[in-house]
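1. My questions are about this predicted structure, shown below with the sequence.
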Amino acid sequence: MNIILSNSSDEPIYQQIIAQIKEQIMSGELAAGDALPSMRTLAAQLRISVITTKRAYEELERDGFIENFAGKGCFVKHQNTDFLREETLRKTEELLAKACDAGRMCGLTLEEMKEILELVYGGDKNE
């Protein structure tokens, strides 16, 4: 499991951990049943407080991404693929809303936004 923290980010460290673990689960990099590092191990690896990793793990468990078994550790929980798709769709909609707001601020038309999306997405109207 690879987690990279940014001290210059406005996002709190525990939220950075949550976001990266969720992303790794949703992408399949972390599969159901995979063990996560213990809270102490992760804290040592990232050079952060155990309290921070504890908070991240608790929120991941609350959101249904991991399971904590006393004496055994934390493991990736079997995911409902519909739930994962919905989570990804929600995140995509949020990002697109921000992009649309930025486009409106600089006066882009809907057609110009569509062209940009097609270029960024890699699609071609003629395909």
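-> Arrived safely. Numbers count the residues shown, from 1 in each chain.
2. Would you mind giving the domain segments of the protein?
-> 13-76, 81-121 (automatic domain parsing).
3. now the helices for the protein?
-> 13-27, 39-46, 50-62, 81-105, 110-121 (DSSP state H).
4. about what we covered before: point out the most buried one among the domains of the chain.
-> Highest mean neighbour count of the domains of the chain: domain 13-76, a mean of 16 (counted as mean count of other CB atoms under 10 Å). No exception for glycine: its C-beta is placed from N, CA and C like everyone else's.
5. Next, the distance between the ends of that one.
-> 20 Å (CA to CA, to the nearest Å).
6. Give me the angle between the lowest-mean-pLDDT helix or strand in the chain and helix 110-121.
-> In the chain, no helix or strand scores lower on mean pLDDT, DSSP states H and E than helix 81-105, which sits at a mean of 88. Angle, helix 81-105 to helix 110-121, by axes from the mean of the first three to the mean of the last three CA atoms, to 10 degrees: 130 degrees.
7. Report all helices and strands that helix 81-105 contacts.
-> The contact analysis (3 or more CB pairs under 8 Å, 6 or more residues apart in numbering; DSSP states H and E) places helix 81-105 against helix 13-27, helix 110-121.
8. Can you tell me what sits against it?
-> With contacts defined as CB atoms under 8 Å, 6 or more residues apart in numbering, helix 81-105 is touched by 22, 25-26, 64, 112-113, 116.
9. that older thread, for the helices of the chain, give me CSV that also has distance to residue 1.
-> CSV is the format used below for those (distance: least, CB to CB, whole Å):
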stretch, distance to residue 1
helix 13-27, 7
helix 39-46, 8
helix 50-62, 12
helix 81-105, 18
helix 110-121, 29
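10. right, so of those, which gets closest to residue 4?
-> Residue 4 lies closest, by CB to CB, to one member of those: helix 13-27, at 7.3 Å.
11. ok, and what's touching the closest one?
-> So helix 13-27 is contacted by 1-6, 9, 11, 30, 36, 42, 46, 48, 52-53, 55-56, 59-60, 63, 65-66, 76, 79, 84, 87-88 (CB under 8 Å, 6+ apart).
12. Give me the mean pLDDT for it.
-> Model confidence over helix 13-27, given as mean pLDDT, is 92.
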